[in-house]
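Peer 1: Turn this into a structure:
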Amino acid sequence: MKALLLAVLAAVLCVERAHTLICFSCSDASSNWACLKPVKCGENENHCVTTYVGVGLGGKSGQSISKGCSPICPSAGINLGIAAASVYCCDSFLCNISGSSGVRASSTLLALGILVSFFYVLRARE
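Peer 2: Down below sits the predicted model:
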């Protein structure tokens, strides 16, 4: 009986935590290809988070993607036509692979925003 108890104790001490979350991680990357580095989350971090910010104005556009582990799940999103931001979270192995799981600025809304801005500038000159 003692030998069995010692074997169980040794197994428990040698086994790593069964559910270690692994997420992709990056900070302010310009594309999702730069966000494919897996990291092991901390003990309190139970969520993978992806933050996306996109802006388009005057024919120029840009985006920023950040990914990582988080103890909370702050899902949110906003789309203003010429700018969009979203925070997406999930809780399984490498689940934050996509760079656009939430809100994205659509090309139509970006074009409409640019046209409205252009007409506003022209009217302001008159």
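Peer 1: State the distance from the nearest residue to Cys23 once chain neighbours are set aside to Leu36.
Peer 2: Spatial nearest neighbour of Cys23, excluding adjacent residues (CB to CB, 6 or more residues apart in numbering): Cys48 at 3.5 Å. For glycine as for every other residue, the C-beta is placed from the backbone atoms N, C-alpha and C. Remark: distance between Cys48 and Leu36 (CB to CB, to the nearest Å) = 13 Å.
Peer 1: Let me know the helix or strand that Gln63 is in.
Peer 2: In this assignment (DSSP states H and E), Gln63 forms part of strand 60-70.
Peer 1: which of the residues in that strand are buried?
Peer 2: Gln63, Ile65, Ser66, Lys67, Gly68, Cys69, Ser70 (16 or more other CB atoms under 10 Å).
Peer 1: Closest one of these to Ala29?
Peer 2: Ile65 (4.9 Å; CB to CB).
Peer 1: Model confidence score at the closest one, please.
Peer 2: On the pLDDT scale, Ile65 is placed at 94.
Peer 1: Let me see the contact set for it.
Peer 2: Cys26, Asp28, Ala29, Ser30, Ser31, Asn32, Ala34, Cys35, Thr50, Thr51, Tyr52, Gly99 (CB atoms under 8 Å, 6 or more residues apart in numbering).
Peer 1: Please check those and keep the buried ones.
Peer 2: Buried members of the contacts of Ile65, counted by 16+ other CB under 10 Å: Cys26, Ala29, Asn32, Cys35, Thr50, Thr51, Tyr52, Gly99.
Peer 1: Of the residues you listed, which belong to strands?
Peer 2: Among the buried ones among the contacts of Ile65, DSSP state E puts Cys26, Ala29, Thr50, Thr51, Tyr52 in strands.
Peer 1: Out of these, the closest to Tyr88 would be?
Peer 2: If you rank those by distance to Tyr88 using CB to CB, Thr50 comes first, at 4.8 Å.
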